[in-house]
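Chemist: Build me a structure from this.
(chains A and B)
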Amino acid sequence: MSYLDYNLRTTPTGLRKILHLNWALVLLICAVASAGFLMLYSVAGGSLTPWAEPQMKRFAAGMILMFIVAMIPLWFWRTMAVPAYLGSLVLLLAVEFFGETRMGAQRWVDLGFMRLQPSELTKITLVMMLAAYYDWLDIKKTSHPFWVALPVVLILLPTFLVIKQPDLGTSLLLVVGGGITMFVAGVHWLYFTVVTGLGAGLVTAVFTSRGTPWQLLKDYQYRRIDTFLDPSQDPLGAGYHITQSKIALGSGGWTGRGFMQGTQSRLNFLPEKQTDFIFTTLAEEFGFVGGFTLLSLYALIEIFCITSALRNRDRFGAILTLGIGATFFLFFAVNMSMVMGLAPVVGVPLPLVSYGGSAMLVLLGAFGLVQSAHVHRPRGSV
Amino acid sequence: MSRTPRDNAISTRTIGRRSLVLGGAQLAFMGLLGLRMRHLQVEQADQFRLLAEENRINIRLIPPERGLIFDRNGVPIATNEQNYRVTIVREDAGDVEEVIARLSRLIELEEGEIERTLREVERRSAFVPVTVTDRLTWEELSKVAVNAPTLPGITSEVGLSRRYPMAEDFAHIVGYVGPVSDYDLGRIEDPDPLLQIPEFQIGKIGVESKMEQDLRGSSGNRRIEVNSVGRVMRELDRQEGKPGSDLQLTIDHRLQNFVQARMTGESAAAVVMDTQTGDILAIGSAPSFDPNKFVRGISTADYAELTENKYRPLANKSVQGAYPPGSTFKMVTALAALEAGVLEHDETVFCPGYYDLGNRRFHCWKRGGHGRTDLNKSLMESCDVFYYDISQRVGIDKITEMARRLGLGQRFDLPMSAVAEGLTPSREWKRTRRGEEWLLGDTLNSSIGQGFVLASPLQLAVMTARLASGTAVSPRLIRSVNGVEQKVEPPEGLGIPSRHLNAIRRGMISVSNHRRGTAFGSRIEAEAMRMAGKTGTSQVRSITTEERAQGVFRNEDLPWERRDHALFVSYAPHDNPRIACSVVVEHGGGGSTAAAPIARDIVLQALYEGLPPLSAYPANQRRMIEERQKSLPLRDFEPPVPTGRSRA
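Modeler: This next block holds a predicted model:
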């Protein structure tokens, strides 16, 4: 694979690439991030510190990163897929041994100039790796059991390391994100049906065996699962957060209580108001209108990724775009389900909105990849 | 890797199909999220809005200022004193132990206080002020204020606490306040949420308790916004409460003080009443106690001292005590007989010193007898046989009826605790309560205020006031509530012909003015102030035949608990009665020796509105009186400054 593989006559070069970026996506990203700034300003009680201002700086840095990544030809990123994947595995191992512990979990590694959450990075490098793998693999072998087992190993390696941190949310995202990437690459339906069926069967077995002499888990383990699935059983512990979150959302009503008027977040009834639960503040202050607008912006970003992939005849570029789009989708879908009480509380931030450096930089870098795939897609007939 | 065009086409087609499936699934899920959002934010919005309000808004009560109590001249009896206390806030203090150690070098802290504070600080949230100590003096307070920079987290606050500047004098009248106990909550049906405030105090006994609803006022409230851990963020609005009503008593604080001081060393009670209006000018019970100790929370040792005292300082003898009235009841019997027409004004009865009823002999207190005795002499010398004789003629029914008309055997509606009803026995009463028939001997005993008859000092004072005024005057303790004078209906007449009343009054005047009167020693020399009265000595035991035979009759030879009660009722001035006074000295011996001198001093004090001149006393007693006046433990009062309402 080389630069010459691309059709030089139709692919823009130099600064002309800028004209071929998808500027609609850039605008969408800026709109979502701005909503984030507003909310961070609000939850700080009308102050740029401690959250809004650092977040803006990171966003600026992330946008620059996105443009740089977008300018670099896609073949470079394809060659980088393997080193990037291995690099992130090394970083995950580094976290395991040298990482900082915060809030009961080891997730951070100090790179000297910034503190990085390698698990965030891994979400993207895994997708890159899988896209490169399926680009490399003979299409006919895609559903061959051996060639299916190999990417499964590629997914499970970092998942295992992330579970050990422990970070259940991210590991779940890695598995599902990797699975979706395999799905769009064309792995046979049967595999997914079997895996989903086995999973469902196991869950059913676990739950139906409860209370019988041959139950699969110990009683206390069942109880833990119970509170995980239904936090309202533990109203002062896990359930407290979800209850308060639902109160915040619900009290927003149609149009919300007004900017900076959200009592739930301002009076600290919400947990993690600047990170995982920031959507509740938005929904409280801007109501259904505000929440639905944000959801629509996310949907537009998603639609862009899919249409861009549909128009892209380069296998790596298309799979990469869909994989990143799916990862992005999982981020906000899980986060919103969580704050609306549809899913258990797992630590997944709202992409581009929640306060946090690693996720922001990684996501904007990933959108740089999407833009690069978009800019460098093959033109004309092949 | 280069691919064949065919492979490329397959790849593109597969990815296209799969991405459409994926996109469809994603959009479907987002639709689900949107629906959920709609469900929470639109359909259930009202419910969640309510929950959010409940989360953030707390309502705090503002306790009203308790009403003050003044005497009839506007001198404060119960006040609200500013109480300075020192509190500590953990999050401001940092090292709590160090700060408290520094504080304890400035002001004196008790060992228990430090430990209690540290425990409390540990238990409460970091921002909640915890009281370290209270009732600081000005000096201590300024020490804390000056050293404020080295005492982070320490603030001084001011609250109100009840104070009784007259201490012992009004303990039995006004009572005291204290924190609301579980017992109180169970006893009173009072839904006022104020009672739930931890440091709120309510009246426990006396006026403080009986007039609680007037004194308390109504609470204000403030709505405050709190955050998730209960820290107050801001006040949303505030409604001030209504302070409690001020009360003005009919009591004169100087006279009250004199009454208490004069009874020092005795177990006694005295009541001074205005014969025209019924205003109670003084109502004392000795010994007394300091109600301020109860407000602060009395120590076990102090409380034990009060309960173990055989003189029962906690009992309010003036209204709670029910004593056989003894000879002070003789006016009742005489009036009943006069009104029934069974006794003529100039009729005489021969007293040989005893009276035989069947085979039972009733004795006169004077063993040799009084000889020929008329009504006047019977009161003046307190002849018992005279009353044995006339009581048989008039019968118990008429005596009881007359006693009731004069105020005995009924509970007066005074805002004081445990006001006794006393007892005026009747046939009906004995049948239902004792299951026995009324005997003629019972009538004889009742006629001289012994047997079943019981009366409180208050009732005796009312009886005397009614005799003196000829009207059915009733006692009154509250003069005004919040500046509004309490209406008194002019009392109705007793319906007793005045010539009968005058005959009784003549007898009472003789008691303390005639040379042979039982209270001649306690006469008043000042012409305009002369006093009429009646002594009473009531047995608390029956005298056995052997004792009588052996002549063991002297009170001084008996243990205190078995000695006779000494009573004296009086009114003055004799020709224009203004005040009535009753005195009971528990186990004091004789009415003429123990009770009458106290009554005379009180009456003079009341009439002169201060210490009387020695010339009011008989010449031979003046030296002794002067000594006693000097030794009386009277309170020093500022010249009386009538104050209206003064609030800090």
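
Chemist: pLDDT weak spots in chain A?
Modeler: Scanning chain A for pLDDT under 70 picks out A:1-11, A:99-115, A:224, A:227-228, A:231-239, A:380-382.

Chemist: Which helix runs longest in it?
Modeler: Among the segments of chain A that qualify as a helix by DSSP state H, the longest is helix A:278-311.

Chemist: buried ones in it?
Modeler: Residues A:278-288, A:290-292, A:294-295, A:297-302, A:304-306, A:308-310 are the ones in helix A:278-311 that count as buried (16 or more other C-beta atoms under 10 Å in any protein chain shown). For the C-beta atoms, the positions are set from N, CA and C on the backbone; glycine is no exception.

Chemist: can you check stretch B:486-504 too?
Modeler: In stretch B:486-504, counting by 16+ other C-beta under 10 Å, buried: B:491, B:494, B:496, B:500, B:501, B:503, B:504.

Chemist: if I look at the last one, how far off is chain A?
Modeler: Spelled out, it's residue B:504. 79 Å (C-beta to the nearest C-beta, to the nearest Å).

Chemist: go on, the first one?
Modeler: Taking C-beta to the nearest C-beta as the criterion, residue B:491 is separated from chain A by 65 Å.

Chemist: which residues touch the nearest residue to residue B:423 once chain neighbours are set aside?
Modeler: Of all residues not flanking residue B:423 in the chain, residue B:454 sits nearest, at 4.1 Å (C-beta to C-beta, 6 or more residues apart in numbering or on different chains). Residues counted as contacts of residue B:454 (C-beta atoms under 8 Å, 6 or more residues apart in numbering or on different chains) are B:322, B:323, B:324, B:325, B:420, B:422, B:423.

Chemist: ok, the first one touching residue B:422?
Modeler: Yes. Taking contact to mean C-beta atoms under 8 Å, the distance of 5.2 Å between residue B:322 and residue B:422 places them in contact.

Chemist: if you count what's nearby, which of those two comes out ahead?
Modeler: Between residue B:322 and residue B:422, counting by other C-beta atoms under 10 Å in any protein chain shown, residue B:422 is the more crowded of the two (22 against 17).

Chemist: Return the residues in contact with that one.
Modeler: Counting by C-beta under 8 Å, 6+ apart, residue B:422 has contacts B:322, B:408, B:409, B:410, B:454, B:455, B:456, B:459.

Chemist: Please apply the same query to residue B:124.
Modeler: B:90, B:130.

Chemist: Then residue A:338?
Modeler: A:276, A:344, A:345, A:346, A:348.

Chemist: Ok, residue A:263 next?
Modeler: Here residue A:263 is in contact with A:251, A:257, A:269, A:284, B:52, B:55, B:56, B:225 (C-beta under 8 Å, 6+ apart).

Chemist: returning to what we had before: chain B next: which of the buried residues of helix A:278-311 are close?
Modeler: A:283, A:287, A:288, A:291, A:292, A:295, A:298, A:299, A:302, A:306, A:309, A:310 (C-beta under 8 Å from any C-beta of the partner chain).

Chemist: how does chain B divide into domains?
Modeler: Here the domain parsing of chain B from automatic domain parsing is B:60-249, B:253-291+B:314-479+B:488-631.

Chemist: Is it possible to get JSON lines of those domains that adds mean pLDDT?
Modeler: Shown next, in JSON lines, are the domains of chain B (pLDDT from 0 to 100):
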{"stretch": "domain B:60-249", "mean pLDDT": "84"}
{"stretch": "domain B:253-291+B:314-479+B:488-631", "mean pLDDT": "92"}
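
Chemist: Highest mean neighbour count out of these?
Modeler: domain B:253-291+B:314-479+B:488-631 (a mean of 20; mean count of other C-beta atoms under 10 Å in any protein chain shown).

Chemist: What is the end-to-end distance of that domain?
Modeler: 19 Å (C-alpha to C-alpha, to the nearest Å).

Chemist: Those residues of the stretch 1-150 of chain B touching chain A, which are they?
Modeler: Going by C-beta under 8 Å from any C-beta, the residues of the stretch 1-150 of chain B near chain A are B:1-3, B:5, B:7-8, B:10-12, B:14-16, B:18-20, B:22-23, B:26-27, B:29-30, B:33-34, B:36-38, B:40-42, B:44-45, B:47-49, B:51-52, B:55-56.

Chemist: Derive a ChimeraX selection command for the buried subset of the residues you listed.
Modeler: In ChimeraX syntax, the buried subset of those is picked out as below (16+ other C-beta under 10 Å):
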select /B:8,10,11,12,14,15,16,18,19,22,23,26,30,33,34,36,37,40,41,44,45,48,49,51,52,55,56
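
Chemist: So which of the residues of the stretch 1-150 of chain B next to chain A are in helices?
Modeler: Checked against DSSP H, the residues of the stretch 1-150 of chain B next to chain A include these in helices: B:5, B:7-8, B:10-12, B:14-16, B:18-20, B:22-23, B:26-27, B:29-30, B:33-34, B:36-38, B:45, B:47-49, B:51-52, B:55-56.

Chemist: need the residues of the stretch 101-250 of chain A near chain B, please.
Modeler: So far as C-beta under 8 Å from any C-beta goes, the stretch 101-250 of chain A lies against chain B at A:135-136, A:138-140, A:180, A:183-186, A:244, A:246-250.

Chemist: 6 Å instead?
Modeler: Contacts of the stretch 101-250 of chain A with chain B, taken as C-beta under 6 Å from any C-beta of the partner chain, map to A:136, A:139, A:184, A:186, A:247, A:249, A:250.

Chemist: Out of those residues, the closest to chain B would be?
Modeler: Nearest to chain B among those is residue A:250, at 2.5 Å by C-beta to the nearest C-beta.

Chemist: Now for that closest one, how many residues are close by?
Modeler: Using other C-beta under 10 Å, residue A:250 has 28 neighbouring residues.

Chemist: Could you double-check that it sits in contact with residue B:46?
Modeler: No. With contact defined as C-beta atoms under 6 Å, residue A:250 and residue B:46 do not form a contacting pair (8.6 Å).

Chemist: In terms of helices and strands, where is residue A:182?
Modeler: Assigned by DSSP states H and E, residue A:182 belongs to helix A:168-185.

Chemist: Quick one: the buried residues of stretch B:486-504 as JSON lines, columns for distance to residue B:562 and secondary structure too.
Modeler: Listed next are those as JSON lines, based on distance: C-beta to C-beta, whole Å; DSSP: H, G, I helix; E, B strand; the rest coil:
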{"residue": "B:491", "distance to residue B:562": "40", "secondary structure": "coil"}
{"residue": "B:494", "distance to residue B:562": "37", "secondary structure": "coil"}
{"residue": "B:496", "distance to residue B:562": "37", "secondary structure": "coil"}
{"residue": "B:500", "distance to residue B:562": "37", "secondary structure": "helix"}
{"residue": "B:501", "distance to residue B:562": "37", "secondary structure": "helix"}
{"residue": "B:503", "distance to residue B:562": "36", "secondary structure": "helix"}
{"residue": "B:504", "distance to residue B:562": "32", "secondary structure": "helix"}
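
Chemist: I'm done for today, thanks for sticking with me.
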